[in-house]
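K.L.:
just coords:
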C-alpha cells in the first residue's frame, strides 16, 4: 500500500514506511491463508511451497526494515546534533549582540554628554588678551575640554602657539573627537542591524528544523512498535 502522507519527504523514511506497509499486507495474506486452510487436513505440496515462499519473503522484508530503521535512527541523531550546533551559534550571536547593545548605550551616553556642551560662538580677534580677564570671557571658556597640559602632551606641535591659536586647536580637537564618536555610533548601528537580521534568519531555520524533526520522530513510532512485537 503506497504511503499517502505528503508531509513525509525524507526518501529513506518514505522507503521505510512503504516497506512496512508491504510487510503488513503480506502478514495479513499469510494469516488469511492459515485461517482458510485450518482444519483442511494435510496441505498439498503446492500450498506448502507457496507458504514457504511467503515466509521467506516476510523474513526478507523484516531484515530490510531493520536496516532502514537503523538508517532512520542515525539520520535523526545527526539532525539533532546539527540542531544543537546551530542553537549554540545563535546563542553566541545573541551574546555578541547584547555586548553591542551595552557598547551602544555607553556611546549614546557619551554623545548625549557632548550634545549638552554649551554652544561655541566665533572667536574674536581680542581673544589673545581678553581670555586673561574674568570680565571678558566667552562661552567657549566654560566648555569641559581636556586641560591645556593634556592637549599639549598629545599634540606637542602646538606648544609654541599663541593663546588664541591654541584655543582654536583645542576646539578643533574636540570637534574631531565628537565626529569620531558619531562615526563609531553609525558603524555600530549598522553592525547591530546586520546581527539582528542574521539572528532572525538562524532562528527561523532552527524553528523549521525542529518542526521537521518532530514530524520525523512521530512518524517513526509505528516502526518502533512493530519491532517490539514478538514473531
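P.N.:
Looks like it arrived, so ask away. Model, not experiment: these values are computed from the prediction.
K.L.:
which SSE is immediately downstream of the lowest-mean-pLDDT helix or strand in the chain?
P.N.:
Lowest by mean pLDDT, DSSP states H and E among the helices and strands of the chain is helix 127-130, with a mean of 42. Proceeding N to C from helix 127-130, the next assigned helix or strand is helix 148-154, under DSSP states H and E.
K.L.:
can you give me the buried ones in that following helix?
P.N.:
By neighbour count on 16 or more other CB atoms under 10 Å, the buried set for helix 148-154 is 151-152. Glycine gets a C-beta too; all of them are placed from N, C-alpha and C.
K.L.:
repeat for stretch 171-185
P.N.:
173-174, 181, 185.
K.L.:
cool, and stretch 208-219?
P.N.:
209, 212, 215-216, 219.
K.L.:
nearest to residue 64 among those?
P.N.:
Closest approach between those and residue 64, by CB to CB: residue 219, at 17.8 Å.
K.L.:
please tell me how far the closest one sits from residue 113.
P.N.:
61 Å (CB to CB, to the nearest Å).
K.L.:
likewise for residue 153?
P.N.:
Taken as CB to CB, the span from residue 153 to residue 113 is 23 Å.
K.L.:
can you check which helix is longest in the chain?
P.N.:
helix 45-115 (DSSP state H).
K.L.:
how far does that one sit from the chain's center?
P.N.:
14 Å (CA atoms, centre = their mean, to the nearest Å).
K.L.:
related to what we said a few turns ago, keep only those of the buried residues of stretch 208-219 that are in helices.
P.N.:
Those of those lying in helices (DSSP H): 209, 212, 215-216, 219.
K.L.:
give me the number of residues near residue 11?
P.N.:
The local packing of residue 11 (other CB atoms under 10 Å) involves 8 other residues.
K.L.:
ok, it to residue 71 distance?
P.N.:
Taking CB to CB, one finds residue 11 at 11 Å from residue 71.
K.L.:
repeat that for residue 159.
P.N.:
Residue 159 is 79 Å from residue 71, by CB to CB.
K.L.:
so where's this structure shaky on pLDDT?
P.N.:
1-8, 38-41, 43, 117-142, 222-231 (pLDDT under 70).
K.L.:
tell me which element the closest residue to residue 75 other than its chain neighbours falls in.
P.N.:
Spatial nearest neighbour of residue 75, excluding adjacent residues (CB to CB, 6 or more residues apart in numbering): residue 12 at 6.4 Å. Using DSSP H and E, residue 12 maps to helix 11-37.
K.L.:
and that helix, which residues are buried?
P.N.:
For helix 11-37, by 16+ other CB under 10 Å, it's 13, 16-17, 19-20, 22-23, 26.
K.L.:
which pair of the residues you listed spans the longest distance?
P.N.:
Farthest pair in the buried residues of helix 11-37, by CB to CB: 13 and 26, 20.4 Å.
K.L.:
give me every residue that touches residue 191.
P.N.:
Residues in contact with residue 191 (CB atoms under 8 Å, 6 or more residues apart in numbering) are residue 100.
K.L.:
which secondary structure element is home to it?
P.N.:
helix 163-219.
K.L.:
if we can go back for a sec, could you measure from the residue nearest to residue 75 over to residue 76?
P.N.:
Distance from residue 12 to residue 76, by CB to CB: 10 Å.
K.L.:
same question for residue 189.
P.N.:
Taking CB to CB, one finds residue 189 at 42 Å from residue 76.
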